[in-house]
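Novice: build me a model from this:
(chains A, B and C)
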Amino acid sequence: MSPILQGLITIVLGVGGCVTYFYLSNLVLDKVIFPPKGRDPGRNINRANMVRPWLFLLPAILALGTYLAYPVVGSFWRSLFNRDGSQFIGLGNYEKLAGDDTFRQAVMNNFLWVLFVPALATFFGLMAAQLTDRLKWGNFAKSLIFMPMAISFVGASLIWKFVYANNPTIGLINAVRDYFHLMPVDPLQIPFWNNFFLMVILIWIQTGFAMVILSGALRGIPEETVEAAVLDGANAFQLFFKIKVPQIMSTIVVVWTTITILVLKVFDIVYATTGGNFGTQILPSYMMQYMFRDDGRATAVAFVIMIIVLPVMIWNIIQARKETR
Amino acid sequence: MTKHLMLGIAALALSAGLASAQELKFKPGSEPDRFNWQSYDQFAKDTDLKGQTLTITGPWTGNDKKLFESVLAYFEAATGAKINYSGSESFENDIVIAAKAGTPPNIAVFPQPGLAADMAKQGYLTPMPKGTGAWIKDNYSAGQSWENLSTYMGKDGAKHTYTFPFKADLKSLVWYVPENFKEAGYKVPQTMEELQALTKKIVADGGTPWCIGLGSGAATGWPATDWVEDFMLRTQPPEVYDGWVKNTVKFNDPRVVDAIKDYGWFAKTKGYAQGGEQAVATTDFRDSPKGLFDFPPKCYMHKQASFIPTFFPDGTKVGQDVNFFYFPAYASKDLGKPVLGAGTLFGITKDSPAAEAFVKFLETPIASEIWMAQSGFLTPFKKVNPAAFANDVQRNMNKILLDATTFRFDGSDQMPGEIGTDAFWKGMVAYTTGDETAEQAADAIQKRWDSIEK
Amino acid sequence: MAAIAGQKSLLTWAVNISVVIMVVAWLIPTVGLLVSSFRTTDQISQSGWWDAAFPVEKAFRDRIPGDGETQADGKYVLTGDLLTNGQNAADLKSGTVIKAFGTSGIKPDKYKAGETADLGDGGTLVVNKDGSYTATSATSFEGNGPRVYFVADMPPAFTLSNYKEVLFSDGMGQAFINTLTVTIPATIIPILVAAFAAYALAWMEFPGRGLLIAAVVGLLVVPLQLALVPLLRLHQEVGIGQSFLGIWLAHTGFGLPLAIYLLRNYMVGLPRDIIEGAKVDGATDFQIFMKIVLPLSFPALASFAIFQFLWVWNDLLVAKVFLPANDGSKVMTVKIADDLLGSRGGDWGILAAAAFVSIAVPLLVFFSMQRYLVRGLLAGSVKGG
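Specialist: Predicted coordinates:
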């Protein structure tokens, strides 16, 4: 069977299957198991409504459980074993991490990444969304800013090589320095600051993400509130920061959270540019260098990363509670 | 009825296999003064694997993949088996994932003995057919060292021959442009002392002697490990090298630190390497030889393994536009002519009659000669016909391999992955840029090694 | 009044200019790659992409052809044209201007074109701008002409060969189809599943909801690499093995947390009165979801669809692990990484072309979806609610 046909059939079956599942399961629930009739229709409706959320959630829970939760639990167990998994060593892997200078450096660098990348990407994304909003060529400008999103992380690292390379005939920065008769430097070897040069790559990519989501949110703001503010004589800046931003705050939080979590996962950029040399190691790339060699240590790093996300998780739960109250 | 059906399917599969089989590059029987067709005919007569399929994964992609497949075509033609080869840029990860998930290929081609040893220990490799170890020892030059490379501890706690080395690379080479040497009046150095003198002379003449580039993405730093290994072999007896690889000689042993400093003399002395320390640390190893070909030359010499001509500018003719010499040994030390090399090792990850037959096929001279007659193939196999080589350049390279008094495999490839493919690389980068002294870098690597429990 | 108008146009100018600056800043790196994708690897290492449109000075090594010697004034003379007779003739166009020449590689531009170089022993060499040369010697050349180096301006050259190599390599068409086969179901299925789950998490009351939301956020950060080995083993055991079905399921699982998280947050923001109104009118949750929430959430669905599409499209790791390694089921990223780049990791021209080939479809998707994004938002009844 040709893959096109196979693909088409799967799309139809998969999508159709999903829709049928949701439709039929609801039908069965309402008509067969707890029909709103008989002796106590009200109780039946209540019962059906207690079950229904789980019908809606079932496929998602199954998929999440199998594809994420199960490996996570297995991995945690694995992180308590030694290099080849033959011996239980308790928290030995975590102790080793604590004693490793590179690990400590990776944590520090990751702290910088988490601090700056989500903040700047969200900021630039918000700026781009707002500024292009009323522009005639706004959609065109948006597409151009979005373009980096379409490039793989490795491709992006390659692109930035044409900016950072220390050979003045390849790297743009050193070409400019060369023009002013300055000695070439390698931006990726300048201690401390090289972290920021690498962050620029991820910010460059993620601004498009922030922009798309935030521009949707900006357009969803009810006209009335804006018009009222204009009538009150608010200028453009007041309008933006005092009226619009507070209204889309929850979306900003979502964007921020998503990018923060991405920062804790993306190893490709560091991997493909510096390979973690010159003091640029971060946790995801640190984990990758143990992956498949010393799975005990690699999984331990993964759990350290998950612990770092804990505050973000808690905060999201609180937020969810507030919204639905 | 079902039997007929099965036969029909088998026939169909077979014909499909034949239809997709590659054309044979050299017609069996042609050029008998280059190829050992007798070994091919004998193998074909002894082996019948009709309808069987053999899966192989390895590190060769692109052009190398095509070359390897041209060799596989002969196995297919001789036995009737079908081979699926897939190459991967990230072979090291893929094979581990496949083995752990229970989807291994029949045969895996390991570029690193360390990885093969790891997998053997975890029980993912099947020992080679009986007698393979002895065969390697008898038929390869420096056969003992090749046999040692293929022998690891299994899951059962006993040592077996687990892999079969096929295809070697030569690392101890220095590339230069003969025309540049001629114009400047430089002679190819025969000893390390002469090489050092030449380096100084080029600087005195206002030139830059070396192009060195350690850049390689996540693998940045590996070219420096080759330098250090070559110096280990040139300053210490091979036993010390072997001890170093096994960590019975510690990484921060003064003998190792001295070898690191010997590399530093070339890479870090001001004016010796094109662009200085910073450029050395990040210039991509694939870009660094290009300086040889500029006018005026950006550098005169480039130390790199036998594969590097792939990255020379388009149309460069090896042997004419560019040539190589053996990275020489110290005249003052009586250590012979040590050679550092690398190679690929075939291991059986899922046993089958076809897999064992394939190992037998690799033992035939013709399997090597087919690849030799094209490009990029060196071998320590003594029974192949040197006339099969496509050109003199390769023949000369292979001669260095066969003449070696000591042959040692790339040490970093034999160390545990965390060291040989990470800590060692990173340590060399930190040393090259001056972030760490040779002693500090060696200490850090040893510390990392200590943290791996045995 | 005029002052306000003036201020307004000033503001418009400021906005326009800042957007231009931002777009240019965002575009420069990509332009570098685009230009490089039309150049050969040798050109890329010779001059910066910003110089691609200008002629490049390049030094050549050549040897004056030794045959055809004539005698004049008691000297042996060789004449000819370096641009057509030399060893580099293939690389040179007629009309190339020679700027300088020399007799040793250390100073390839020692003499200006037209000057006379001293070859020693009474020999001389003149190379003119048009490539014509005259070499003289007191003794016969005996078939060996002298070495000559020259510097010429090479006109800018662009090539489509990188794209040709990427697009027309064996099996690229199949790989393209495979990529689509993987990407489309792996985009649609998680969205559908996530939408229902997100609705339940946003608008349905049940015990354990907060915990579930927390779990989703927690799972967001699970590194994919952790899951590969156990999942592949699971697939083997249940008989899915390495197949398209396996990769769809895997991408669905990996994409779900972000999908649920984004969609839930969007759905929570939908106007409460519409949904509660519908409930009062007796609509079931299924009806509310299908008729009200889903259409209203279209912008969020569309934007997530774009992200999931991009991520699946650019994925290399999952494809390598969950699809068999034969040619019939290779996707584009695998094809490019393993078959095209392979041993040519340093071939930046090919890398650049490959990058552009692989972003073409995602960009197309974005451009077409973008219209829906805007329309979906404006047509939605958010404001009315």
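Novice: what residue ranges in chain B score low on pLDDT?
Specialist: Across chain B, the ranges flagged by pLDDT under 70 are B:1-22, B:453-454.
Novice: residue numbers of the stretch 1-150 of chain B in contact with chain C?
Specialist: The stretch 1-150 of chain B comes close to chain C at residues B:57, B:60-65, B:84, B:86-90, B:94, B:97, B:100-103, as judged by C-beta under 8 Å from any C-beta of the partner chain. Any C-beta I mention is one placed from the backbone N, CA and C, and that applies to glycine too.
Novice: now, which of the residues you listed lie within helices?
Specialist: Mapping those onto helices (DSSP state H) picks out B:G62, B:N63, B:D64, B:K65, B:D94, B:I97, B:K100, B:A101.
Novice: just send those back as CSV, with neighbour count too.
Specialist: Formatted as CSV, these follow (neighbours: other C-beta atoms under 10 Å in any protein chain shown):
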residue, neighbour count
B:G62, 19
B:N63, 15
B:D64, 21
B:K65, 20
B:D94, 23
B:I97, 21
B:K100, 20
B:A101, 20
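Novice: which other helices and strands does the helix or strand containing C:I213 contact?
Specialist: According to DSSP states H and E, C:I213 maps onto helix C:209-220. Helix C:209-220 sits against helix A:41-64, helix A:249-263, helix A:295-324, helix C:172-203, helix C:244-268, with contacts defined as 3 or more C-beta pairs under 8 Å, 6 or more residues apart in numbering or on different chains; DSSP states H and E.
Novice: need the longest helix for chain C.
Specialist: Per DSSP H, chain C has its longest helix at helix C:2-37.
Novice: break chain A down into its domains, please.
Specialist: A:3-78, A:92-324 (automatic domain parsing).
Novice: now those as TSV including mean pLDDT, distance to B:Y272 and mean neighbour count?
Specialist: Conversion of these to TSV gives the following (pLDDT from 0 to 100; distance: least, C-beta to C-beta, whole Å; neighbours: other C-beta atoms under 10 Å in any protein chain shown):
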stretch	mean pLDDT	distance to B:Y272	mean neighbour count
domain A:3-78	82	47	16
domain A:92-324	87	18	19
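Novice: chain B: which of these is closest?
Specialist: domain A:92-324 (4.0 Å; C-beta to the nearest C-beta).
Novice: report whether that closest one contacts chain B.
Specialist: Yes - using C-beta under 8 Å from any C-beta, domain A:92-324 reaches chain B at A:96, A:99-101, A:165-167, A:184-186, A:188-189, A:271-279, A:288-294.
Novice: tell me how many other residues surround whatever residue of the stretch 201-350 of chain B ends up closest to chain C.
Specialist: Closest to chain C within the stretch 201-350 of chain B is B:R286: 2.9 Å, counting by C-beta to the nearest C-beta. Residues near B:R286, counting by other C-beta atoms under 10 Å in any protein chain shown, number 23.
Novice: for residue 230, give me its contacts.
Specialist: If you meant another chain, say so; for now it's chain A. By C-beta atoms under 8 Å, 6 or more residues apart in numbering or on different chains, the contact set of A:V230 is A:L239.
Novice: sorry, I should have been clearer: chain C.
Specialist: A:Y70, A:P71, A:G74, A:S75.
Novice: now do 7 Å
Specialist: C:P230 makes contacts with A:Y70, A:P71, A:G74, as judged by C-beta atoms under 7 Å, 6 or more residues apart in numbering or on different chains.
Novice: just the buried positions in the helix or strand where it lies, please.
Specialist: Here C:P230 sits within helix C:224-238, counting by DSSP H and E. For helix C:224-238, the neighbour count (16 or more other C-beta atoms under 10 Å in any protein chain shown) marks C:L224, C:Q225, C:L226, C:A227, C:L228, C:V229, C:P230, C:L231, C:L232, C:L234, C:H235 as buried.
Novice: with stretch C:109-122 instead?
Specialist: Quick answer for stretch C:109-122 (16+ other C-beta under 10 Å): C:D109, C:Y111, C:A113, C:A117, C:L119.
Novice: helix/strand/coil for the residue nearest to the first one when sequence neighbours are not counted?
Specialist: Meaning C:D109. Using C-beta to C-beta, 6 or more residues apart in numbering or on different chains and skipping the chain neighbours, the partner closest in space to C:D109 is C:A100 (3.7 Å). For C:A100, the secondary-structure state derived from DSSP: H, G, I helix; E, B strand; the rest coil is strand.
Novice: ok, and of the residues of the stretch 1-150 of chain B next to chain C, which contact chain A?
Specialist: B:I97 (C-beta under 7 Å from any C-beta of the partner chain).
Novice: surely the residue of the stretch 201-350 of chain B closest to chain C meets B:F311?
Specialist: Yes - counting by C-beta atoms under 7 Å, B:R286 does reach B:F311; the two are 4.4 Å apart.
Novice: what's the neighbour count on C:A138?
Specialist: Counted with other C-beta under 10 Å, C:A138 comes out at 11.
Novice: nearest residue to it other than its sequence neighbours?
Specialist: That would be C:G122: by C-beta to C-beta, 6+ apart, it lies 4.2 Å from C:A138.
Novice: surely C:G80 is in a helix?
Specialist: No - C:G80: not assigned to a helix; according to three-state DSSP it is strand.
Novice: ok, now which ones touch it?
Specialist: C:P65, C:Y133.
Novice: and it, what are its bridge partners?
Specialist: Here C:G80 sits in beta bridges with C:Y133, as judged by DSSP bridges.
Novice: confidence score at it?
Specialist: pLDDT, C:G80: 84.
Novice: so how far is chain A from it?
Specialist: 33 Å (C-beta to the nearest C-beta, to the nearest Å).
Novice: one more: B:F181?
Specialist: Separation of B:F181 from chain A (C-beta to the nearest C-beta): 25 Å.
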